[in-house]
Structures are given as C-alpha cells and as structure tokens.
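Engineer: Predicted coordinates and the sequence they were generated for:
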Amino acid sequence: SNAKVQIKIKSNHSAALCALFLKEYPYIFIINATMCTSCFTVPTITVQLLCTAVALMYGQRAVPKSFKWTKRIIFGITALASLLLIVLGIFLLVLSTNDDLRRRSFANFCSKNGKQSEALDEFRCSILEKSDVSGKVLEFGPGPGTNFKCFQNSTAASAIQEYVAVEPNPYFHELLHNEKRERDLNFPLDFVGIKGEDVDVSEGSFDVVIATHVLCSVDFPEVVLANAERALKPGGTFVFFEHVYAEYQTKMWYLQNLIAPIQYIVGDGCRFQDTEEILRRKFASQFDIDVTTFDAPMPLFLSFVKPHIMGLAIKK
C-alpha cells in the first residue's frame, strides 16, 4: 500500500506505540506537535529500527540488579546493538530523502560490483550470445554498461547497427560511455535519460530489446514490457535476466522479506517480485517464451538475490 498517514509522535512514546501503525503504513509523517513547516517523510524501516533500539535498551532493565556482572554484559551488548540499529536507521533515512545521493551511491555500487561478477557474467553472457544480438538494439536500464563485456570479441560487436540505452539515472551516463570505450565497441550509442515507462517508441523499430536486472526496479513493469512489445519487429527478441522472489515460505523467501525494505532504499527502488508470472501474463499471446530458472552465483552479502530467471521471448 502507498497510503500515508499523519501521526504526531512525542518523545516519550514507547516502542510499542511506534510499532502500532507500521504494519499498515509504509511511510509516516513525523510532525512537529505545533506546526507542520518541518514535515518530512520517514520510511517505516527507519522507524522500526529506532523502535527496536529503544525496546532493546528498555528490555535490558528487566535483568535483576543482583546479577551485577550479567547486567553489565547485557547492557554492553544491547547498547552496541542499539547503536548499530540507530546508525543504520539514520543512514536509510538520509538515502531515502536525498535522491541525488541515493542515485549516485547506487551507480557507484553497480559499477564496482559489475567489475567483480565473473561467475554471474557467464550466465548473463550465455543468454545474450544465444539471442544473437544484432541490428537495432534497445536496452532498458543498462546501468554502467554491464552487458557490454558480453559483446566484446563477439559477433555482436560488429553486428549491432544502433544501440539505444534508456536509463533514468544520470550518474550512469558517463559510466556507460566509458565502458563502451574500454571494451572497444564502435556501434553508435544513444543515451536516453528517461524511465522505461515513458519511452515513446515507434512500432516495430528494433530487432532486439534487452532488460537485465531492471524490471525489479521500475514502477510499472507491465508498461515497460508493453513498450518492449511495441518496439520489437515481428521475429524480434526480448532478452531478460532478472532476480526474482524465492519459492513461497522457504528460508530464502523469509530472508528476502526481511531485507526487502532496506533493499528498496539502498537499491534505488529495487524490489522482489514474480517476474516470470508478469512476463508470461503480458507476453502470453504475442510471444514464444523460453524461461530458465537458476540460482545465481552471488557474493555472500547478496545471497538474498540468488533466485534468478533468464530467457528469450520471440515476438510472433
């Protein structure tokens, strides 16, 4: 739900009172008790972390005073845990309210992580090679040009006539062109700085449309897929490579739900969803779809995005 509610929270309210509203409302306005000139939006995850920190510090008071050393140890542990939660909560608050900082940080992360993903690149490049990328190509969300490494020393390098990159994050612009230059790719590159939902593309104007790790972060994936369908010529190929929701109520599914609020902020809108179901529903009548499900080789700190799908959809 995108519902918002105005709540006046006083400094002496308990953690229980904070938690009362968080289940239903993803964002809360923290409002000055006498005026609203300083209103700002606070993500629920920040409030949850701060409330948990308060609850930890309050809970350790239940240890009897007679257990002197035990009480000191518990106090030290809870104080450290509370401090870490507070720091994380403030960090997420800053990122969520500063669009420029969030986009720049995300671009830097993608650029650095993309250079250290050789194991994942084997899967990524295999599906791009299978798609026989050539002619006029449209890519939604190319980021720092992670897919360009797959075109280097391949037939695609000379077969691509035109490459249009739709990327709303301006901090990827220079990174994308730098990556193309480093890979010694000579095809024309056109950077379009708008959202995938806002693309106004002529029908049947592209041979290949690519979407890798992007449908998770667009506001309306169905609209992006509709634009991809319109852009492709009959016989054209839609290439997809996405992380997805794990199987329902598995350990990974619970981990994804735990990390989701943090990922949404740090990942600049990235979320977990059943992308295969969205693809099949949207492309059911107009495409022949081939989907492969696999666990991607991710580093430990990104283990929650191991569930992946990749495949091709050929327009009839």
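Structural biologist: Good, I have the coordinates. Numbers count the residues shown, from 1 in each chain.
Engineer: where does this protein dip in pLDDT?
Structural biologist: 1-42, 66 (pLDDT under 70).
Engineer: all helices for it, in order.
Structural biologist: Secondary structure of the chain (DSSP state H): helices at 15-20, 44-59, 68-97, 99-114, 118-131, 148-151, 156-159, 172-182, 221-231, 251-266, 275-283.
Engineer: most packed of these?
Structural biologist: Using mean count of other CB atoms under 10 Å, the stretch among the helices of the chain with the greatest mean number of neighbours is helix 148-151 (a mean of 22). Placement of C-beta: from N, CA and C, glycine included.
Engineer: And the contacts of that one?
Structural biologist: 121, 124-125, 128-129, 133, 156-157, 160, 179-180, 183, 185 (CB atoms under 8 Å, 6 or more residues apart in numbering).
Engineer: so who does E197 touch?
Structural biologist: E197 neighbours (CB under 8 Å, 6+ apart): V218, D219, F220, V223, V224, N227.
Engineer: Can you lay out these as TSV showing distance to Q286?
Structural biologist: TSV is the format used below for the contacts of E197 (distance: CB to CB, whole Å):
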residue	distance to Q286
V218	20
D219	23
F220	18
V223	15
V224	15
N227	13
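Engineer: For the residues you listed, work out which two are farthest apart.
Structural biologist: Taking CB to CB, the two most distant members of these are D219 and N227; they sit 12.9 Å apart.
Engineer: returning to that earlier point: closest to V291 out of the helices of the chain?
Structural biologist: Using CB to CB, the nearest of the helices of the chain to V291 is helix 275-283, at 5.6 Å.
Engineer: Packing partners of that closest one?
Structural biologist: helix 221-231, strand 232-243, strand 287-295, strand 307-315 (3 or more CB pairs under 8 Å, 6 or more residues apart in numbering; DSSP states H and E).
Engineer: cutoff 6 Å now
Structural biologist: Counting contacts by 3 or more CB pairs under 6 Å, 6 or more residues apart in numbering; DSSP states H and E, helix 275-283 is packed against helix 221-231.
Engineer: How far does the helix it packs on sit from its chain's centre?
Structural biologist: Centroid displacement of helix 221-231 relative to its chain, using CA atoms, centre = their mean, to the nearest Å, is 19 Å.
Engineer: Same question for stretch 206-218.
Structural biologist: 13 Å.
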